[in-house]
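**Q** The following comprises the amino acid sequence and a computationally predicted model.
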Amino acid sequence: MTHIKTAVFPVAGLGTRFLPITKSVPKEMLPLIDKPLIQYAVEEARASGIENFVFVSSPDKPALDDYFRTNFWLEDHLSSNNKTDALRLVRDASLSPKSFWVTHQTKALGLGHAIWTAKEFLRNEAFAVLLPDDFIHSDRSAIGQMIEAHARIGGNMVATMDVGRDAISAYGCLDVEARAGKCLNASGMVEKPSPEMAPSTHAVIGRYILQPSVLDKLAVTTPGAGGEIQLTDAIAADIAHNELWGYEFDGSRYDCGSKSGYLEATIAVALDRIDLAPALWNSMLARTEIGAAA
């Protein structure tokens with residue numbers, strides 16, 4: 001049993017980098033093969049024992065709420081036609097109405113504001129945050145890896161990876177002081193520092209385990225980088241009360257907020273599936289041979 005029972009999924013963004021498809025299809029509903037990004041994030045959380053799911057969405061995104069609700073007509077149709085495999089997939093994509101809630105972020109005020117918007121659904125205990133844009137392909141749930149470590153050391157914890165000096169300006173950055181295995185103790189965080197001013201090359205990736213005191217800090221956090229309320233600022237402000245840890249997870253991370261990352265993630269998922277990998281490999285080999293012949 002995990003000590004982390006609730007996960008928050010911030011999905012209120014407009015997904016402008018994927019226009020025009022995101023004009024009508026929310027970015028978190030874009031599919032990797034046959035499941036939307038948000039389902040992979042939910043499955044990652046469920047695999048770690050999380051039981052409660054809070055989605056911070058926007059009022060014009062009914063698709064997400066509809067997706068996780070039980071479709072009784074569809075299930076009855078599949079059951080009546082003995083389509084057991086399809087029925088299992090549909091049921092796996094549903095959440096109990098007692099276990100998930102959708103709340104709305106009505107203004108684009110940043111990730112920190114999105115998390116604060118979920119406060120009414122969070123008990124006075126640590127909770128997880130998963131950003132569906134950060135798809136982590138791993139044999140073990142990335143947030144589950146973090147939960148195991150958090151049970152030992154507590155504090156606030158963020159997923160981290162070394163992205164190099166050239167890329168660090170696109171991320172929150174940890175000021176690392178010490179290492180204990182995969183756990184990095186940090187004295188602070190900086191949001192999107194310039195490469196020359198970055199305290200390290202350890203970027204914050206979209207998985208967090210946060211103490212409820214971070215919500216108190218968010219309530220008084222003023223707009224920071226980009227004119228938004230930054231979650232990193234609130235976590236940094238909480239260091240006086242809770243240690244900050246970065247966790248170097250096992251797995252491959254793909255930035256599905258970019259078209260190239262989304263494409264790479266799609267290929268990675270396809271190559272990991274026995275029903276798709278052989279045909280994909282054959283297609284890629286054929287194209288390589290055609291290219292070499294030309």
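**A** Perfect, I can see it now.
**Q** all contacts plus neighbour counts: C-alpha atoms, from now on.
**A** Will do.
**Q** What distance do you get for Ala237 to Ser213?
**A** Ala237 is 10 Å from Ser213, where distance means Cα to Cα, to the nearest Å.
**Q** One more: Thr160?
**A** Between Thr160 and Ser213 the computed distance is 21 Å (Cα to Cα).
**Q** And what about Thr2, helix, strand or coil?
**A** Classification of Thr2 by DSSP: H, G, I helix; E, B strand; the rest coil places it in coil.
**Q** so what's it up against?
**A** Counting by Cα atoms under 8 Å, 6 or more residues apart in numbering, Thr2 touches Ser48, Gly49, Ile50, Ile147.
**Q** Count the neighbours of the first one for me.
**A** So the one you mean is Ser48. Neighbour count for Ser48, taken as other Cα atoms under 10 Å: 21.
**Q** hey, where'd the helices end up in this structure?
**A** For the chain, the helices defined by DSSP state H cover 37-47, 62-68, 72-80, 84-92, 111-117, 142-153, 213-220, 231-237, 259-271, 277-293.
**Q** closest one to Pro26 among these?
**A** Closest to Pro26 of the helices of the chain, according to Cα to Cα: helix 62-68, at 7.6 Å.
**Q** wait, Gln39 sits on Ala93?
**A** Yes: with contact defined as Cα atoms under 8 Å, Gln39 and Ala93 form a contacting pair (7.0 Å).
**Q** care to break the protein down by domain?
**A** Domain assignment for the chain, taken from automatic domain parsing, gives 6-154+207-240, 258-294.
**Q** Flag the shaky bits of the protein, pLDDT-wise.
**A** For the chain, applying pLDDT under 70 flags the ranges 1, 292-294.
**Q** Centroid-nearest residue for it?
**A** Leu131 (2.4 Å; Cα atoms, centre = their mean).
**Q** Look up how far Ala279 lies from the nearest residue to that one once chain neighbours are set aside.
**A** Once flanking residues are discounted, Leu131 sits nearest to Gly206: 4.9 Å by Cα to Cα, 6 or more residues apart in numbering. To Ala279, Gly206 is 32 Å away according to Cα to Cα.
**Q** now do Arg152
**A** Noted for Arg152: a distance of 44 Å to Ala279, by Cα to Cα.
**Q** So for the two, which sits in the more crowded spot?
**A** Taking neighbours as other Cα under 10 Å, Arg152 and Ala279 compare with Ala279 leading, 13 against 8.
**Q** Show me the beta-bridge partners of Ser252.
**A** Beta bridges link Ser252 to His137, judged by DSSP bridges.
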